[in-house]
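[1] Quick one, structure for this:
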Amino acid sequence: MALVEVQVPDIGDFDEVTVIELMVKVGDTVKAEQSLITVESDKASMEIPSSTAGVVKEMRVVLGDKVKQGTIVLVVEAAGATTAPAAAKATAAVAAPAAVAAAPVTAVAAGPVEVHVPDIGDFKDVAVIEVFVKPGDTIKVEQSLITVESDKASMEIPSSHAGVLKELKVKVGDTVNIGDLLAILEGSVVTAASPLVATVSTPAAASSVAVAAPAAIATTAVAAVAAPAHAPGAPTLGLPHASPSVRKFARELGVPLEEVKGQGPKGRITQGDVQTFTKAVMAGATQTKAQAAKAPAASGGDGAALGLIPWPKVDFAKFGPIERKEMGRIKKISGANLLRNAIMIPAVTNHDDADITDLEAFRVSTNKENEKSGIKVTMLAFLIKACVAALKKYPEFNSSLDGDALVYKNYWHIGFAADTPNGLMVPVIRDCDKKGVLQISQEMGELAKKARDGKLGPAEMSGATFTISSLGGIGGKYFTPIINAPEVAILGVCKSTMEPVWDGKQFVPRLMLPLSLTWDHRVIDGAAAARFNAFLGQILSDFRRVLL
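    Numbers count the residues shown, from 1 in each chain. The predicted structure follows:
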């Protein structure tokens, strides 16, 4: 087994290019022609392949390093592998700024001029991923018109002439080849006679790709025309800052790359960023713009999707001083979900009172007995256990609609609404039927703290079968909570108060807890809701019923 140093192959006239992505690590097994790193010049990104198969023993470059032809990328232990015959010679097209000796410039009379795809070597059917110009634009010599992308490299195609763009023959998503017509220009045309051709290495099969690069034309009379209008390295028209392999990976997953926030150098999007974004969307922690567009407009929308009259547009500042603050991400997401649920679910709310006098006394004594444990039992923990008992007796409250069918769940995960500085969040306690009040109290305290600190993960906010929204000791009597779809019911509770209750002989003081049960009328009818509330009240008044 021999140790082989893998070097950067011929990348043309570039002195140094920046390493922007590492695609392997020590211990990985690599194949000949497998991409190892991604490098970037002012106008192109390219992947550098391995000339040898083997196991990576040492990395010689890190992110941000500058490399050139001959720089050692890594060391592999080759086990009977052979060097790829043409890896060091494989070249891919890029368009890069270059200095060219004074070249003759020819002025041509006004008239239609066709701009074609220049020689891009043996690559066929490269995809157009970006268009920089539109009809009516004034085009300069060597101005970038489009960006094309192969499996391993992206490159900008410049204009060979100057003039006014009359017609653009390609669009994003088209595939082009050498000689294809890109655009038709009209006007006073200046042609650069001898543009420089730059070559860079890619892991494609041993093929040479050449693209005309911007040339610095010495003739001062046409300097202004020849200057590239598309500044190298400047942000382009929405094209995500990512390597070709990452963009391909995003396309395969259907991820809108322009909505992904890059964590790489200079905001570059990595494969890990794409995976993180995908997980967040799947967990419901974020929405794509397409998803948001399909959902009914939030409170700031115009209601057009619902056939409503436009939302009033008011200049509030004309009535007095104002302060504008953008809503946080959590409020934006929850707001859209709440509006959808409020509009789409035919919800009804039952209000009732539960006598918790004896239960409150038991709760207080329990906390005194467990004072040293540090676990504080709240009434919400008892409510969760009571709700599990009611859900088992009335299983339709623990179901979800799936088309024309009802899905009855044989697990009892209870969500509880938590008020946080960032907005409303709903942590979920799983398998509440298998846990005691003390364990539920402990988990609830831990989850509530994580919610306040903004550290709740998507998994800790998903899977609930029923939700409780408690206003606790804040106040109020009754309210109408909004169902958290795809659940079919939610319980709202307010502050308990001492009230006179007739016991058949006299009025006696009893601690009463207001209950507000909202339910989906497509699944539940009024009689079932009344029975659920009544049964829940019986359990809370005599908690021994939980054991039955």
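
[2] can we go C-alpha only for contacts and neighbour counts from here?
    OK.

[3] tell me which element the residue nearest the centre of the chain is part of?
    Nearest to the geometric centre of the chain sits F277, at 3.4 Å (Cα atoms, centre = their mean). According to DSSP states H and E, F277 maps onto helix 271-282.

[4] Could you pull out the buried residues of that helix?
    Residues of helix 271-282 classed as buried: 271, 273-274, 277-278 (neighbour count, 16 or more other Cα atoms under 10 Å).

[5] next one: stretch 506-518
    Result for stretch 506-518 [16+ other Cα under 10 Å]: buried residues 510-518.

[6] ok, now stretch 398-412?
    398-401, 411-412.

[7] from the buried residues of stretch 506-518, which ones fall inside strands?
    510-518 (DSSP state E).

[8] mind putting these in a markdown table, distance to V426 and pLDDT included?
    Listed next are these as a markdown table, based on distance: Cα to Cα, whole Å; pLDDT from 0 to 100:
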| residue | distance to V426 | pLDDT |
| --- | --- | --- |
| R510 | 31 | 96 |
| L511 | 27 | 96 |
| M512 | 26 | 96 |
| L513 | 22 | 95 |
| P514 | 21 | 95 |
| L515 | 19 | 96 |
| S516 | 18 | 97 |
| L517 | 17 | 98 |
| T518 | 17 | 97 |
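
[9] Let me know the closest of the residues you listed to L145.
    In terms of Cα to Cα, no member of those lies closer to L145 than T518, at 58.3 Å.

[10] still on that earlier bit, and of the ones in strands among the buried residues of stretch 506-518, the nearest to E142?
    T518 (65.8 Å).

[11] residues in contact with the closest residue to that closest one other than its chain neighbours?
    Spatial nearest neighbour of T518, chain neighbours left out: T349 (4.1 Å); criterion: Cα to Cα, 6 or more residues apart in numbering. Residues near T349 by Cα atoms under 8 Å, 6 or more residues apart in numbering: 480, 516-519.

[12] Now tabulate these in TSV and tack on distance to D419.
    Compiled in TSV, these are given as follows (distance: Cα to Cα, whole Å):
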residue	distance to D419
T480	17
S516	18
L517	20
T518	20
W519	22
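
[13] So what does the residue nearest to T518 look like in phi/psi?
    phi -120, psi 130 (degrees, to the nearest 10).

[14] how about the helices in the stretch 251-400 of the chain?
    All helices of the stretch 251-400 of the chain, identified by DSSP state H, counting those that start in this stretch, fall at 271-282, 289-294, 329-344, 357-369, 379-393.

[15] Give me whichever of those helices is most buried.
    helix 379-393 (a mean of 20; mean count of other Cα atoms under 10 Å).

[16] Run the angle between that helix and helix 357-369 for me.
    130 degrees (axes from the mean of the first three to the mean of the last three Cα atoms, to 10 degrees).

[17] Turn the buried residues of stretch 506-518 into JSON lines, including distance to N367.
    Shown next, in JSON lines, are the buried residues of stretch 506-518 (distance: Cα to Cα, whole Å):
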{"residue": "R510", "distance to N367": "21"}
{"residue": "L511", "distance to N367": "18"}
{"residue": "M512", "distance to N367": "20"}
{"residue": "L513", "distance to N367": "20"}
{"residue": "P514", "distance to N367": "23"}
{"residue": "L515", "distance to N367": "24"}
{"residue": "S516", "distance to N367": "27"}
{"residue": "L517", "distance to N367": "28"}
{"residue": "T518", "distance to N367": "31"}
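
[18] Near P240, how many other residues are there?
    By other Cα atoms under 10 Å, 19 other residues sit near P240.

[19] Let's verify it: helix, strand, or coil?
    Applying DSSP: H, G, I helix; E, B strand; the rest coil to P240 yields a three-state assignment of coil.

[20] Surely it and E258 touch.
    Yes. Judged on Cα atoms under 8 Å, P240 makes contact with E258 at a distance of 5.3 Å.

[21] Surely T378 is in contact with F362?
    No. T378 is beyond contact range of F362, at 11.0 Å (criterion: Cα under 8 Å).

[22] my guess is T467 contacts F416, does it?
    Yes. Taking Cα under 8 Å as the definition, T467 is a contact partner of F416 at 5.5 Å.

[23] Okay, the closest residue to Q287 other than its chain neighbours and L253: tell me how far apart.
    Once flanking residues are discounted, Q287 sits nearest to V281: 5.8 Å by Cα to Cα, 6+ apart. Taking Cα to Cα, to the nearest Å as the measure, V281 falls 12 Å from L253.

[24] now R60
    As judged by Cα to Cα, R60 and L253 stand 32 Å apart.

[25] Could you do D352 as well?
    49 Å.

[26] between these two, who's got more neighbours?
    A direct count of neighbours by other Cα under 10 Å for D352 and L253 places D352 higher, at 17 against 12.

[27] okay, the helices of the stretch 251-400 of the chain in CSV with distance to D503 and mean pLDDT next?
    As requested, the helices of the stretch 251-400 of the chain are arranged in CSV below (distance: least, Cα to Cα, whole Å; pLDDT from 0 to 100):
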stretch, distance to D503, mean pLDDT
helix 271-282, 53, 86
helix 289-294, 54, 72
helix 329-344, 39, 85
helix 357-369, 14, 94
helix 379-393, 24, 96
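
[28] and F132, which of these is closest to it?
    helix 289-294 (22.9 Å).

[29] Which parts of the stretch 51-200 of the chain are helices?
    Going by DSSP H, counting those that start in this stretch, the stretch 51-200 of the chain shows no helices.

[30] wouldn't N341 be in contact with V488 here?
    No. N341 lies out of contact with V488 (Cα under 8 Å); the separation is 10.4 Å.

[31] residue ranges with poor pLDDT in the stretch 151-300 of the chain?
    Judged by pLDDT under 70, the stretch 151-300 of the chain has its weakly predicted residues at 151-153, 187-239, 266, 284, 293-300.

[32] which residues touch N367?
    N367 is in contact with 375-377, counting by Cα under 8 Å, 6+ apart.

[33] Could you give the number of residues near the nearest residue to D358 once chain neighbours are set aside?
    Counting by Cα to Cα, 6+ apart, D358 lies nearest to S541, which is 6.8 Å off, once chain neighbours are set aside. Residues contacting S541 under the criterion other Cα under 10 Å number 19.
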